[in-house]
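Colleague: just need the structure, nothing else, for what follows:
(one chain, ligands or ions: 2)
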Amino acid sequence: MRYVLAAPELPATALVIPENRMARRRRIYEGKAKVLFEGPEPGTLVQYFKDDATAFNNSKHGIITGKGVLNNRISEFLMMKLAEIGIPTHFVRRLNMREQLIREVEIIPIEVMVRNVAAGSLCERLALTEGQPLPRSIVEFYYKSDELGNPLIAEEHATAFGWASPQELDEIMHMSLRINDFMTGLFISAGIRLVDFKLEFGRLWDNDEMRIVVADEISPDNCRLWDSKTNEKMDKDRFRGDMDKIEEGYQEVARRLGVLPESGPSDVTGATAIQ
Ligand code: TMP
Ligand code: ASP
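Modeller: Ligands and ions are numbered 1, 2, ... in the order given. Sure, this is the predicted structure:
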């Protein structure tokens, strides 16, 4: 069946028109930067990227014009590259400027931060100087809970409270370090230093078999990306720190990765076929 998406810039009122009949597409979940809609087939979802930006656990709000379009492209690119080296992800394919089809997964309630260079909360916690290279890459776990402000946790908390099993944590740690090695090289070849980033993982069942896959998004919203020569910030830290040229940072990352839309980051107008 062909679905035509009307007004893709308005997720709250997004409409699908199956066989010319107007119907409301079911919204499954709305987060701070994305909306999840029911997908065209069971076990799939449509992930819509908004321009909304938040920081400091939702206390700062803003709009970064064109961010959703760029993050959709950048995350598509990175997830496809991960798949090429055998790292499973929830990504299926990009549908249009702001949407991608993903596999529905059970999100593991742990945010995994991988750090190569001191920045952000690590500097505050351990009184480090921003930009100081770390002796080795560090993987941290945070409990995914907005109410609690995503607190740093130990593996013990995750296993004791049943958020993930020891085997799952081992696999997550192993995958995160592989992703870090791979993405560090990929960004270096684009003149970008991968300072740190956040990953989320989900459980995906194929019949009786469960796999852990990378979920959510990988974009300048959840990576720190610095120009490798000047250390200029090209990610959401420009928004967090009230800096100028926020949109330009996202555009430059997309341009260097070779995924900047030819028409620029403006949204599509009018109806778009999504399947
Ligand atoms: P942090 O230094 O603030 O702990 O952030 C580490 C990395 O995780 C950085 O690349 C930004 C990203 N991040 C998110 O994606 N979501 C969040 O809620 C936070 C706090 C950080
Ligand atoms: N995404 C988080 C929030 O809004 C924090 C951040 O990215 O800095 O609240």
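Colleague: what about Gln251, which SS state?
Modeller: What DSSP: H, G, I helix; E, B strand; the rest coil gives for Gln251 is helix.
Colleague: right, and it touches Val69 too?
Modeller: No. In this structure, Gln251 is not within contact of Val69 by CB atoms under 8 Å, at 10.0 Å. Glycine gets a C-beta too; all of them are placed from N, C-alpha and C.
Colleague: which one of those two is surrounded by more residues?
Modeller: Neighbours were counted for Gln251 and for Val69 using other CB atoms under 10 Å; Val69 has more, 25 against 21.
Colleague: right, and that one touches Met97 too?
Modeller: Yes. Using CB under 8 Å, Val69 is in contact with Met97, at 5.0 Å.
Colleague: ligand 2 contacts on the stretch 1-150 of the chain?
Modeller: When proximity is defined by CB under 6 Å from any ligand atom, the stretch 1-150 of the chain lies next to ligand 2 at Lys32, Thr54, Ala55, Asn57, Asn58.
Colleague: mind putting those residues in JSON lines, pLDDT, secondary structure and distance to Ile138 included?
Modeller: Shown next, in JSON lines, are these (pLDDT from 0 to 100; DSSP: H, G, I helix; E, B strand; the rest coil; distance: CB to CB, whole Å):
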{"residue": "Lys32", "pLDDT": "96", "secondary structure": "coil", "distance to Ile138": "25"}
{"residue": "Thr54", "pLDDT": "97", "secondary structure": "strand", "distance to Ile138": "25"}
{"residue": "Ala55", "pLDDT": "97", "secondary structure": "strand", "distance to Ile138": "22"}
{"residue": "Asn57", "pLDDT": "90", "secondary structure": "coil", "distance to Ile138": "22"}
{"residue": "Asn58", "pLDDT": "92", "secondary structure": "coil", "distance to Ile138": "26"}
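Colleague: just the buried ones from the residues you listed?
Modeller: The neighbour-count test (16 or more other CB atoms under 10 Å) marks Thr54, Ala55 as buried among those.
Colleague: out of the residues of the stretch 1-150 of the chain next to ligand 2, which comes closest to ligand 1?
Modeller: Taking CB to the nearest ligand atom as the measure, Asn57 is the one of these closest to ligand 1, at 7.1 Å.
Colleague: quick one: contacts for that closest one?
Modeller: Neighbour list for Asn57: Asp146, Gly149, Asn150 [criterion: CB atoms under 8 Å, 6 or more residues apart in numbering].
Colleague: skipping its backbone neighbours, what lies nearest the second one in space?
Modeller: In this structure, Gly149 finds its nearest non-sequential neighbour in Asn57, 4.8 Å apart by CB to CB, 6 or more residues apart in numbering.
Colleague: for the last one, same thing?
Modeller: Distances taken as CB to CB, 6+ apart place Tyr142 nearest to Asn150, at 4.7 Å, with adjacent residues excluded.
Colleague: related to what we said a few turns ago, when you check ligand 1, which of the contacts of Asn57 turn up near it?
Modeller: Of the residues in the contacts of Asn57, proximity to ligand 1 by CB under 6 Å from any ligand atom holds for Asn150.
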